[in-house]
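Participant: okay, here's the prediction I keep looking at, along with the sequence it came from:
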Amino acid sequence: MSKINVPLGPQHPGLKEPINFGLVLEGEQVDKATVNLGYNHRGVEKAAEERTYIQDIYLIERVCGICSHSHTTCYITCVEEIAKAEIPERAKAIRVIVAELERVHSHLLWLGIAAYEIGFDTLFMYVWRDREHVLDCLELVAGNRVHYAINTLGGVRRDITPEIKAELLKRIDVLEARTKYYTTLATEETTVLARTQNVGVLPRDLAIKLGACGPTTRASGVARDVRKDEPYLIYDKLDFKLITADTCDVFGRVVVRVLETVESCKIIRQVLNYLPEGPISIKVPWKVPEGEAVNRYEAPRGEDIHYVKGNGTDKPERVKVRAPTLANYHAVPHMLQGGWMADVPLVIAAIDPCMSCSDRALVTDKAAASSAVWSWEEMRRNGIEFYRRRGVDFSKVTLK
Amino acid sequence: MKKKIPGRALGEAVRQLFRKPATSAYPFAKAKLQPKFRGRIAFEQEKCIGCKMCVRVCPAKAIDIILSAEQPAAPAPVEGQTTPPAKKKFDCIMNLDRCIYCAQCVEVCPKKALLSTDDFELAQLDRKALRRHYK
Amino acid sequence: MAIENILLALFYALIFPGIWFLATYGMTLEWVDRKLGAVLQNRVGPPWYQPLADFIKLVSKEVIIPKACDNVMFRNLPYFAVAGVTAAMMMIPVWNGALFSFEGDLIAVIYLLTIPTATFFLAGWSSTSPYSAIGSMRVLTQLFAYEVPLMLALIGPAILAGSWNITAISEHFARHPAYMPAQLAGFLVALLALQGKLERLPFDIPHAKTEIVGGQFTEYTGRLLAFFNMAVSMEMVVGAALLNAVFLGGGLGLTGTGAFALFMLKTLGVVLLLVVLRVLMARIRIEQMINFCWQILAPLAMAQIVFDIFLRIKLG
């Protein structure tokens, strides 16, 4: 049978964000798949150098809507490490509460999206209805449903009052009960099992070799979680299980994420009962001394790495973000090959892709056979040339 | 975890027949907000001293503090005492299309002249209507 | 029933039980499907005029035709789908009798109901886009999966009634209502096969939105898409009416308006079952559907046929 090239993306009903997968199909089977990134590149790392550390919190937060707290916490712990600031214990506890609430939110959102990809609209509607509980919790704690902005340089901005604590405990109980129901539904419904078992298989050694992280690799039996390997904030004081599965397929990823949601509910309850008295932030001078720091964080999608370099002013010298999805992309062509066309959207969704987190611009020059990352100046010059050729007047613009 | 039941969600689905729909009828019903929701920023002119800390700290360059068009007159001179200078009045220009409602300006204001309201229905058809001039 | 003059023939074809009746009742059933599905998912659902509003809106939109496609086929296929479905309805009893009733009209109806599926395949094929090509192949593959179980399931009651005439089958069950519960297996097979013919979850594989955008309908817009959607709604009426006549006894002995009211009630019941099926399941893959239809549905239908032969010989 002849092979046809089917482009999946950048615009496709099965994708949440723009990404392109070039599929080569033989009938209904996927012969080859290539990943093409770059549609969501916004120059965040370069823009971070022009803003102060506090303004950068809000910029880094907008790298991704669902893992916004992961990015800000990872970034601000780097800055606090350079500034040698010890934040109070209560602030660490509140950061953990918001982090685990974000994990619950992200995994519930993912379950709904995965159900939508396999056509199970009913489960999608039920899960997203219950997701409103965790969004209300986050609105109560932080003032907004997404982009919580709870972090500041030196701690957190809002405190958890006893009323908020009582409301959170009530809603967490509801969420835990609902998540347990969705576990039974997802693992016992015949059609869901038919669509998720033996689909998108990633063997254990391949998962380690390709550097996959998060639930994608934990479903292949690799027991890797930054909260256990290198505990940050107050995770070393908390009692929770590291969830792995050994089926190496999408079914394993479903099971890992749903059980992790239940674990997160338990963690939130533990921290709410542990919440120590004390201030919620300390004053840190805005001019951060010279130095550099690297920090890892377990985002809902995997290991998030941030690097910050300070140069003594109130603006960072360099900020580098390595989002977890960038590590998981390499595993996707291996998971798609030999599978069915119908499984492609589900396998892509199973790594919980966050394209906003992971796009960078790489310019390859075919003539000179070289590739280089463009600087801000070069990008700006290229943009101005592009529009000058189309007749836009740039006489009032000066290049620095 | 190994049993396979087709139509496992039947019990749950039938239960929904007796529940109210989870859809909120916004905009025909009011939206339910949690307390201390971060909405539009409001400005209290009496408290502002024009230090412009909010302008410096805003991540989105959304706020600006300018001198008011009319300034209050200097207080009447008193015999034998130096007259204090006139208290200046400041206006606040807020660009709602740039504001990200992070409330960083609220936090940093030394005189608590800015506060977060829970007003979020701010969409306009005309771009110019989003530039609010608070006096 | 002899047709006296051309006006009466046009009335039957265009108004009742032809296009107008099928369209109106089809839109009503589509609304019931969407509303009940929404309530089962804890949502509000659309108002009663939504299917009509959708049709009017689609008809008023611009028709965009890909340059590389076969113009004649692309433009005319939706009307063939509507025509095939309307022709099938002529032979199914809507009150206690059908418009055209003859020995062997069961086979004629099954044949006429494959015409819409053939138009879907040709629609996808003539669109020349990769998504519609995959969709059209899936339409044909799905046809080979559900068609045989559907035919086998319909043959069972035909053997029991001793006739290939749909009206005669329904009258037979009206006279001996005790035979109806014995057809349960065949009814279930026919219900699932009908779900496959109508391309509804769990068998909406050809136009799977999250996998291949629109499947065979990807390139269709405007009034062409409106008439394809209309053909699918009409197919639901025809399928439910067929199941009603063959398995549920049709008029059940009543005549005139009583039988017609009973017809509406029972087809509504069949559609309610289809809605529950749609709400509870995820979409399966095409090769899983073929395995399911050939390994489970077809043997079940064969068992029902054997049971019906046994019943006919033993009880006459």
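Facilitator: Cool, the structure landed.
Participant: residue contacts, residue C:91?
Facilitator: C:98-102, C:105, C:108-109, C:166 (C-beta atoms under 8 Å, 6 or more residues apart in numbering or on different chains). Quick note: C-beta positions are derived from backbone N, CA and C, even for glycine.
Participant: so does stretch B:96-106 get close to chain A?
Facilitator: Yes. Applying C-beta under 8 Å from any C-beta of the partner chain, one finds stretch B:96-106 in contact with chain A at B:100-104.
Participant: average pLDDT for stretch C:57-73?
Facilitator: Taken as a whole, stretch C:57-73 has an average pLDDT of 90.
Participant: how near is whichever residue of the stretch 101-250 of chain A sits closest to chain C to residue C:285?
Facilitator: Per C-beta to the nearest C-beta, residue A:119 is where the stretch 101-250 of chain A lies closest to chain C, at 3.0 Å. Using C-beta to C-beta, to the nearest Å, one gets 11 Å for the distance from residue A:119 to residue C:285.
Participant: burial count for the nearest residue to the residue of the stretch 101-250 of chain A closest to chain C once chain neighbours are set aside?
Facilitator: Among residues not flanking residue A:119 along the chain, residue C:283 sits closest, at 3.0 Å (C-beta to C-beta, 6 or more residues apart in numbering or on different chains). Counted with other C-beta atoms under 10 Å in any protein chain shown, residues neighbouring residue C:283 total 26.
Participant: so residue C:283, which of the three states?
Facilitator: For residue C:283, the assignment made with DSSP: H, G, I helix; E, B strand; the rest coil gives coil.
Participant: how about the contacts made by residue A:246?
Facilitator: Shown in contact with residue A:246 (C-beta under 8 Å, 6+ apart): A:220-221, A:252.
Participant: low-confidence regions, the chain specifically.
Facilitator: In the absence of a named chain, this looks at chain A. A:1, A:358-376, A:379, A:397-400 (pLDDT under 70).
Participant: sorry, should have said chain C
Facilitator: Using pLDDT under 70, chain C drops low at C:1-3, C:316.
Participant: by proximity to chain B, which residue of the stretch 51-200 of chain C wins?
Facilitator: With C-beta to the nearest C-beta as the measure, residue C:192 is the residue of the stretch 51-200 of chain C nearest to chain B, at 10.7 Å.
Participant: what distance do you get for that residue to chain A?
Facilitator: 13 Å (C-beta to the nearest C-beta, to the nearest Å).
Participant: what number of residues lie near the closest residue to that residue other than its chain neighbours?
Facilitator: Nearest in space to residue C:192, with sequence neighbours left out and distances taken as C-beta to C-beta, 6+ apart, is residue C:297 at 6.1 Å. When neighbours are counted by other C-beta under 10 Å, residue C:297 registers 25.
Participant: show me what from chain A comes close to chain C.
Facilitator: Neighbours of chain C within chain A, by C-beta under 8 Å from any C-beta: A:4-7, A:12-14, A:25, A:27-28, A:115-123, A:125-126, A:129, A:189-192, A:194-195, A:340-345.
Participant: which of those residues count as buried?
Facilitator: Neighbour counting by 16 or more other C-beta atoms under 10 Å in any protein chain shown classes A:6, A:12, A:14, A:25, A:28, A:115-123, A:125-126, A:129, A:189-192, A:194-195, A:340-345 among these as buried.
Participant: residue C:167 is in contact with residue C:246, isn't it?
Facilitator: No. Look at residue C:167 against residue C:246 with C-beta atoms under 8 Å: they stay out of range, at 10.5 Å.
Participant: of these two, which one has the most company?
Facilitator: Shown here are residue C:167 and residue C:246; by other C-beta under 10 Å, residue C:246 has more neighbours (27 against 21).
Participant: could you measure from the more buried one over to residue A:73?
Facilitator: 64 Å.
Participant: let me see the contact set for residue A:111.
Facilitator: Counting by C-beta under 8 Å, 6+ apart, residue A:111 touches A:123, A:127, A:182, A:186, A:254, A:257-258.
Participant: which residues touch the residue of the stretch 51-200 of chain C closest to chain B?
Facilitator: C:146, C:149, C:277, C:297.
Participant: element containing it?
Facilitator: When elements are assigned from DSSP states H and E, residue C:192 belongs to helix C:184-197.
Participant: and the helix or strand following that helix, what does it pack against?
Facilitator: The helix or strand immediately downstream of helix C:184-197 is helix C:209-212, counting by DSSP H and E. Using 3 or more C-beta pairs under 8 Å, 6 or more residues apart in numbering or on different chains; DSSP states H and E, the elements in contact with helix C:209-212 are helix A:344-350, helix C:130-161.
Participant: so where do the helices sit in the stretch 51-200 of chain A?
Facilitator: A:53-61, A:68-82, A:89-117, A:121-142, A:162-188, A:190-196 (DSSP state H, counting those that start in this stretch).
Participant: so which of those gets nearest residue A:308?
Facilitator: For the helices of the stretch 51-200 of chain A, the distance to residue A:308 is smallest for helix A:68-82, at 4.0 Å, taking C-beta to C-beta.
Participant: got the buried residues for the longest helix belonging to chain B?
Facilitator: The longest helix of chain B (DSSP state H) is helix B:10-16. By 16+ other C-beta under 10 Å, the buried positions in helix B:10-16 come out as B:12-13, B:16.
Participant: say whether chain A is contacted by whatever helix or strand comes next after that helix.
Facilitator: Using DSSP H and E, the next helix or strand after helix B:10-16 towards the C-terminus is strand B:41-43. No. Strand B:41-43 stays clear of chain A (C-beta under 8 Å from any C-beta), getting no nearer than 12.4 Å.
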